[in-house]
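[1] Everything below, folded, please.
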Amino acid sequence: MGGIKDLKKTTSFLHQCDVRLIDKDTVKWFIYLLDSCFNVKKPVVIKCTKTGASNACTHLDKKHCITSSKTMATNKKLAHIKKQLDLSDPAFKKDPKRWFEVQLGAWSAKHSILYNAFMTCRWQLIGRQLLVGEGGMKSINIRKLHVELYTTCKKIIIMSFTEARSFFTIKYLSLYLDLIKSKMSNQKYLALRMCFNTLTRFNIGYNLAICRFAPTTDERQAEQLSTILHEWSLGVLEEFGIKVMLDVLTSTSNSGSDVKRTLDILIDAWWEWCISNLIHLALTEAFGTSIDPKNSKNVDARCFF
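    As a prediction, this is how the structure comes out:
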């Protein structure tokens with residue numbers, strides 16, 4: 001049988017007002033010595049839980065309005081968390097699991113993480129720890145999330161085009177097509193961006209597509225590079241409901257002959273220089289700078305800019 005704790009070694013009120021007993025099955029019990037609970041013939045006896053004295057603390061809180069310092073600290077933390085949740089995104093409050101899935105999907109798309117990377121033990125471990133909502137996030141289908149994100153964004157973009165089309169009676173879109181060469185991998189990428197205004201918003205820009213540009217040898221030999229660029233551009237525009245003859249007014253690119261021919265001749269949009277490329281070429285030529293330090297003729301100017 002356990003006895004009253006040494007009052008000199010404890011600050012817990014629970015330890016100062018009870019007697020603890022252990023029966024033959026090693027189960028612990030509390031017997032309260034408080035006046036309102038103590039009765040020699042019929043004492044208040046409370047069974048301990050396997051992990052702690054929560055039953056006894058609950059009794060003190062409800063019957064005697066006595067709260068332990070540990071419970072008060074816990075309640076304070078919970079109140080702080082609740083306050084933070086009240087300020088959080090409405091979508092998070094409505095469905096935390098779904099919110100985490102969307103954020104993870106958007107983050108992985110932004111950083112171009114491969115789908116099979118989420119099959120590794122590392123990602124499965126993260127998924128098991130995100131126990132948000134019923135069933136948690138033990139299974140993460142990133143491919144499905146990416147499709148959902150693309151479909152949602154596509155719907156919003158098409159709605160913006162529809163709004164602008166209903167407002168203007170002339171062509172209203174400006175197309176930007178860029179053929180980019182990566183300095184790291186030496187691979188080429190195609191980027192297509194549309195800019196326009198609506199009745200309520202100005203200078204709207206959407207990147208509709210970015211993909212690796214690697215035509216096969218047969219494609220290169222069969223037709224001009226500008227024809228390949230033209231077919232790819234039309235496919236992207238068609239997917240977003242854009243009709244070149246009715247919607248596209250102007251176009252912008254660098255001075256590359258293939259890209260310029262695609263926009264100026266094949267798409268037949270009024271072509272303009274890209275001011276960013278003009279500035280870059282002017283600085284490179286005038287100051288002898290280059291992105292590659294080895295090719296820079298003026299290292300001091302390169303560091304300055």
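[2] If you count contacts, what does the longest helix anywhere in the chain end up packed against?
    Taking DSSP state H as the criterion, the chain has its longest helix at helix 142-167. Applying 3 or more Cβ pairs under 8 Å, 6 or more residues apart in numbering; DSSP states H and E, we find helix 142-167 packed against helix 96-110, strand 188-196, strand 204-212. Where you see a C-beta, it was placed from the backbone N, CA and C, and this is true even at glycine.
[3] For the second one, which strands pair with it and how are they oriented?
    In this case it means strand 188-196. Sheet pairing of strand 188-196 (DSSP bridges) gives strand 173-181 (antiparallel), strand 204-212 (antiparallel).
[4] Pick the most deeply packed of the helices and strands packed on helix 142-167.
    strand 188-196 (a mean of 18; mean count of other Cβ atoms under 10 Å).
[5] average pLDDT for it?
    Taken as a whole, strand 188-196 has a mean pLDDT of 90.
[6] same thing with stretch 86-93?
    Stretch 86-93 comes out at a mean pLDDT of 78.
[7] What of stretch 244-255?
    90.
[8] cool, stretch 62-81 as well?
    Rounded mean pLDDT across stretch 62-81 is 76.
[9] mind saving the C-alpha coords of it as PDB?
    Provided in PDB are the C-alpha atoms of stretch 62-81 (Å, rounded to 0.1, in the frame of the first residue of the first chain):
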ATOM      1  CA  LYS A  62     -14.800  18.900 -11.600                       C
ATOM      2  CA  LYS A  63     -15.700  18.200  -8.000                       C
ATOM      3  CA  HIS A  64     -13.300  20.600  -6.200                       C
ATOM      4  CA  CYS A  65     -12.400  23.200  -8.900                       C
ATOM      5  CA  ILE A  66      -8.700  22.400  -8.400                       C
ATOM      6  CA  THR A  67      -6.600  22.400 -11.500                       C
ATOM      7  CA  SER A  68      -3.000  21.100 -11.600                       C
ATOM      8  CA  SER A  69      -0.200  23.300 -12.900                       C
ATOM      9  CA  LYS A  70       0.500  20.800 -15.600                       C
ATOM     10  CA  THR A  71      -3.100  20.900 -16.800                       C
ATOM     11  CA  MET A  72      -3.100  24.600 -16.700                       C
ATOM     12  CA  ALA A  73       0.000  24.700 -18.900                       C
ATOM     13  CA  THR A  74      -1.600  22.300 -21.300                       C
ATOM     14  CA  ASN A  75      -4.800  24.300 -21.500                       C
ATOM     15  CA  LYS A  76      -2.700  27.400 -22.200                       C
ATOM     16  CA  LYS A  77      -1.000  25.700 -25.100                       C
ATOM     17  CA  LEU A  78      -4.300  24.500 -26.500                       C
ATOM     18  CA  ALA A  79      -5.700  28.000 -26.300                       C
ATOM     19  CA  HIS A  80      -2.700  29.400 -28.100                       C
ATOM     20  CA  ILE A  81      -3.100  26.700 -30.900                       C
END
